[in-house]
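>>> Compute the structure for the input listed below.
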Amino acid sequence: MPERERAATVGEQTFSISNVDVLTDRFTTAETELLVQCFAALDAKLHTETEQFVPGLQGGPSRHRLKHMPPDFEVDDFIASWKQTT
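From the prediction side, this is the model:
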């Protein structure tokens with residue numbers, strides 16, 4: 001996938017660029033957009049107002065939960081959120 005198209009499709013992400021390369025090398029633009037939509041609800045739930053830091057994990061502080069799932073969002077909720085993207 002061309003760089004400009006990749007940036008427009010994936011948008012701003014908190015994971016490493018090498019992961020973005022793997023994602024865009026394996027999926028079409030439409031498939032990547034669908035994956036981003038499928039993870040949008042989980043991403044929103046993982047977002048925190050304050051920076052989190054967990055010693056021993058790669059990277060610095062993040063505004064995402066790094067260690068624990070949100071208490072009000074279970075696997076079933078995550079899967080159910082996919083219905084909103086189809």
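>>> This structure: strands as residue ranges?
47-52, 62-64 (DSSP state E).
>>> Comparing the ones you listed, which comes out most buried?
When you average the neighbours per residue for each of the strands of the chain (mean count of other CB atoms under 10 Å), strand 62-64 leads with a mean of 14. Any C-beta I mention is one placed from the backbone N, CA and C, and that applies to glycine too.
>>> For it, which outside residues touch it?
14, 43, 46-53 (CB atoms under 8 Å, 6 or more residues apart in numbering).
>>> can we see that at 10 Å?
Residues outside strand 62-64 that contact it (CB atoms under 10 Å, 6 or more residues apart in numbering): 14-15, 43, 45-54.
>>> can you list the weak-confidence ranges in this structure?
Filtered on pLDDT under 70, the chain yields the residue ranges 1-19, 58, 85-86.
>>> What ranges does it have for its helices?
Under the criterion DSSP state H, the chain contains helices at 3-10, 17-26, 29-46, 75-81.
>>> Distance to residue 61 and mean neighbour count added to those, as a markdown table?
Output for the helices of the chain, formatted as a markdown table (distance: least, CB to CB, whole Å; neighbours: other CB atoms under 10 Å):
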| stretch | distance to residue 61 | mean neighbour count |
| --- | --- | --- |
| helix 3-10 | 22 | 14 |
| helix 17-26 | 19 | 13 |
| helix 29-46 | 14 | 15 |
| helix 75-81 | 25 | 12 |
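>>> Distance of residue 30 relative to residue 40?
Computed as CB to CB, to the nearest Å, the residue 30 to residue 40 distance reads 16 Å.
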